[in-house]
Each structure stands twice: as C-alpha cells, then as structure tokens.
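Enquirer: Below is the sequence, then the predicted model.
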Amino acid sequence: MSQPRPVRPEDRHAFDTVIDARSPSEFALDHIPGAINCPVLDDEERRIVGTLYHQQGAFEARRVGGAMVAANLARHLQSPVMAERPIKWKPLVYCWRGGLRSGSMVQWMRLVGWDAQQLAGGYKSFRKHVVTQIDQLVPAIQLRVIVGATGSAKTRVLEALTRRGAQVLDLEAAACHKGSLLGAWPGVPQPSQKQFETRIAAALEACDPTRPLYVEGESPRIGRLSVPQPLVERMRAADCIEIRATPEARLAYLLTDYAYLGDDREALAERLGALKEMQGKETVQRWQQWAREGALPLLFAELMALHYDPHYERSQAKHFHAWATRRSVEVGALGAADIDAAAEAVLALG
C-alpha cells in the first residue's frame with residue numbers, strides 16, 4: 001500500500017471510487033461527477049456539532065461529534081459500498097476542505113488495508129479546478145453553434161448528432177431547462193449554479209479539441225442559471241449552423257414537444273403573465289384565456305408569430321458575430337427521420 005499523499009483534482013480518475021464524505025445537502029448542491037455520498041456526519045448531526053462548538057467549545061463538539069463519526073464510519077464499512085471491496089481497492093475521499101471528515105474516513109480505510117487517499121483541499125479545490133478548466137478549455141474548442149427559430153428541434157438535432165458519434169455539449173440537459181419562458185422541465189428542478197458548471201467542465205474535459213463540438217445557441221441564462229462567461233463569449237464568436245424549418249413544421253413540433261404544458265393550465269397562464277410588459281395586457285390576457293382552455297394550437301401559433309419570431313433574427317444578429325455568414329440546413333418537416341437527415345446535413349458541413 002502506498003503512503004498517504006496529497007491528491008490533486010485532476011488526478012481523481014486514477015482511483016476506483018470517489019467518495020464524498022460531506023452531508024447529503026452539501027452533496028446535493030454539487031459534487032465531483034461519479035462520486036458516492038457516504039456522509040461522516042449527516043445534516044442534523046452537523047447542526048448539533050456546530051451548535052455545541054459555538055455554545056460549549058471545541059472539546060465538547062469533538063467528543064460528541066467523534067462518537068457520531070465513529071458510528072457512521074462503522075455503518076459505511078458494513079454497507080455495500082465498502083463491505084465487499086477487495087484489498088486492492090483504491091478510493092479517493094474528500095470533504096469540504098480536506099479536513100477532519102475525509103481525514104477520519106481515510107484513516108479508518110487505511111487501517112482496514114485499502115490504499116485510500118484524501119483529496120487535497122477537498123471540494124473547495126475541486127471547485128477551483130472546475131472554474132480553471134472552463135477558463136482554459138473553452139478557448140481551445142472548435143465550436144459549432146446550432147441556431148434556429150423556436151420550434152426548430154435544435155435539441156433533437158443535437159441528440160441525433162450524439163448518436164452519430166459527434167461531440168455535443170448539451171447545455172439544456174445540463175441545466176434541466178429548455179431555455180425559453182416556458183422551458184422548465186415538468187417535475188424536475190434545475191441544479192445549482194455550481195453543479196451546472198461542474199457538468200459543463202466534465203463535458204469539456206471529455207472533448208477532443210481537434211474535433212468539432214456542437215452546442216445549441218443559448219442566451220446567457222438558461223432558466224435561473226448563468227452560462228459561464230467564457231463559454232458565452234466563445235459561442236458568440238463561433239461558426240453558426242441554422243436549422244431552417246417552415247412555421248407549420250415548427251408549430252407541429254412545439255405542440256408535441258410542449259404538450260405537457262396543457263397538464264397544468266393555470267400554471268401555464270401564470271407564466272404567460274410575465275409577457276404583459278412586452279406584449280401588452282390585452283394580448284397576454286387572450287393567451288392566458290387560451291391556456292386555461294387548453295387551446296395550445298392557437299396559443300403557440302400566436303406566441304411564434306407575435307413573440308418569438310419577430311425577435312429571432314434581430315437577436316441572433318446581435319449576439320452571434322458570424323450570423324451573417326451562417327450556413328443553413330433546410331428541413332421540410334421535423335419527424336424523427338427528418339431530424340436524422342438534418343444531423344447528417346450538419347455533419348456534412350464540417
């Protein structure tokens with residue numbers, strides 16, 4: 001078994017398992033991709049220990065906390081995560097700053113006989129690594145930005161590109177949001193900003209910089225999340241490929257892709273209220289009435305004609321520097337076969 005050594009975030013792939021020793025709430029906020037959560041202290045225990053520290057001092061907090069840590073470590077050692085691991089298992093453990101929580105777990109693991117190591121600086125060092133990776137990797141990527149009016153099935157084209165072995169950065173999947181006013185995923189909360197950036201960094205790390213990377217043209221915000229500024233700037237300067245579909249094809253696609261909006265008509269009407277300042281009270285009230293009636297064909301047709309389409313070309317020209325020299329892929333319809341054909345056409349453009 002090798003001696004304990006400080007492990008850098010970029011060396012984490014050399015280990016069999018990455019274990020996050022922080023509490024469940026910390027893990028949920030963000031964590032190293034692929035990490036397993038084995039809390040040394042859960043959220044309530046952390047609260048108790050913190051209260052003792054402030055009210056009675058470090059010794060009492062450590063005495064009580066030490067008993068909790070010992071009990072939790074015993075439970076983890078008997079759990080499926082560790083119980084059947086071979087002697088050559090190499091886990092990497094981290095906590096918030098690479099301190100007592102991960103240190104105690106590593107110590108017990110090494111007593112068992114595993115070559116456990118501790119991530120130097122803990123999650124904080126990994127977080128710095130994420131920010132650095134985005135800053136360093138983004139300028140080197142060969143970005144191709146897929147653009148198109150609302151309802152052009154850009155996300156489906158990206159999925160078809162992925163199936164064909166192309167490199168794709170799906171920002172909407174990372175953000176759990178479609179990017180538009182009505183783009184919230186039903187029943188799926190967005191991740192934290194940190195977790196969003198972690199997902200982006202992980203995707204960039206897996207990319208081959210000598211090959212194109214396809215991404216959908218997004219605004220700087222997707223739902224409540226902000227796209228990292230270096231990526232925004234790189235997207236603005238990248239080559240654009242426009243998916244061009246007829247209004248009829250786009251409306252048919254939207255009615256399928258957003259059909260779930262009719263499941264909660266009142267919630268849809270409330271979201272449309274955000275457009276009153278831009279579209280006027282009378283227009284939005286009509287849209288809200290259609291939403292409450294479930295008249296999605298009428299609603300989506302007017303949203304396209306009066307809201308999305310009038311701003312589309314102007315906003316694209318403003319935000320994408322290569323808009324004037326964009327290349328286009330024409331699609332007559334947006335069924336599965338048509339989307340596959342569009343992906344093939346995108347790849348043919350190089």
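Expert: The structure has been received and is ready for your questions. Residues are numbered from 1 along each chain as shown.
Enquirer: which residues touch Leu347?
Expert: The contact partners of Leu347, taken as Cβ atoms under 8 Å, 6 or more residues apart in numbering, are Leu161, Arg164, Ala166. Any C-beta I mention is one placed from the backbone N, CA and C, and that applies to glycine too.
Enquirer: was I right about the last one contacting Tyr214?
Expert: Yes. Under the criterion of Cβ atoms under 8 Å, Ala166 lies in contact with Tyr214, with a separation of 5.9 Å.
Enquirer: Please work out how many residues are found near the closest residue to Glu293 other than its chain neighbours.
Expert: The shortest distance from Glu293 to any residue other than its chain neighbours is 7.6 Å, reached at Arg265 (Cβ to Cβ, 6 or more residues apart in numbering). The tally of other residues near Arg265 (other Cβ atoms under 10 Å) stands at 17.
Enquirer: Quick check: Arg265 vs Ala58, distance?
Expert: With distances taken as Cβ to Cβ, to the nearest Å, Arg265 is found 57 Å from Ala58.
Enquirer: Also Thr51?
Expert: 13 Å.
Enquirer: Pro91 now?
Expert: Taken as Cβ to Cβ, the span from Pro91 to Ala58 is 29 Å.
Enquirer: Over to Arg326?
Expert: Arg326 is 62 Å from Ala58, by Cβ to Cβ.
Enquirer: Among the two, which residue is more densely surrounded?
Expert: Using other Cβ under 10 Å, the more surrounded residue of Arg326 and Ala58 is Arg326, with 15 against 10.
Enquirer: who touches that one in this structure?
Expert: Val147, Asp239, Cys240, Ile241, Glu242, Phe320.
Enquirer: Would you map the strands across the chain?
Expert: With DSSP state E as the criterion, the chain has strands at 6-7, 17-20, 36-37, 91-94, 117-119, 142-147, 167-169, 212-216, 221-222, 225-226, 239-245, 327-331.
Enquirer: Looking at these, which is nearest to Pro189?
Expert: With Cβ to Cβ as the criterion, Pro189 lies closest to strand 225-226 of the strands of the chain, at 11.3 Å.
Enquirer: So Ala249 sits against Glu330, correct?
Expert: No. Using Cβ under 8 Å, Ala249 is not in contact with Glu330, being 10.7 Å away.
Enquirer: More neighbours: these two, which one.
Expert: Of the pair Ala249 and Glu330, Ala249 is the one with more neighbours under other Cβ under 10 Å, namely 19 against 11.
Enquirer: do you know how far the residue nearest to Gly99 when sequence neighbours are not counted is from Ile48?
Expert: Counting by Cβ to Cβ, 6+ apart, Gly122 is the residue found nearest to Gly99 once chain neighbours are left out, at 6.8 Å. Counting by Cβ to Cβ, the gap from Gly122 to Ile48 is 21 Å.
Enquirer: the more surrounded of those two?
Expert: Applying other Cβ under 10 Å to Gly122 and Ile48 shows that Gly122 carries more neighbours, namely 23 against 16.
Enquirer: mind giving me the domain split of the chain?
Expert: Structural domains annotated on the chain: 6-128, 141-348, as defined by automatic domain parsing.
Enquirer: now the first one, how far from the centre of its chain.
Expert: Looking back up the chat, that one is domain 6-128. 24 Å (Cα atoms, centre = their mean, to the nearest Å).
Enquirer: okay, the nearest residue to Pro9 once chain neighbours are set aside: pLDDT?
Expert: In space, and not counting its chain neighbours, Pro9 is closest to His129: 3.8 Å by Cβ to Cβ, 6+ apart. Here the pLDDT value assigned to His129 is 98.
Enquirer: How about Tyr312?
Expert: 89.
Enquirer: now Pro80
Expert: For Pro80, the pLDDT comes out at 91.
Enquirer: Could you measure from it over to Thr17?
Expert: In terms of Cβ to Cβ, Pro80 sits 12 Å off from Thr17.
Enquirer: higher neighbour count, the two?
Expert: The neighbour comparison of Pro80 against Thr17 (other Cβ under 10 Å) goes to Thr17, with 18 against 7.
Enquirer: ok, back up a step: scan the contacts of Leu347 and report the most crowded one.
Expert: Within the contacts of Leu347, most neighbours by other Cβ under 10 Å means Leu161, with 23 neighbours.
Enquirer: Could you find the closest non-adjacent residue to that residue?
Expert: Once flanking residues are discounted, Leu161 sits nearest to Ala343: 5.0 Å by Cβ to Cβ, 6+ apart.
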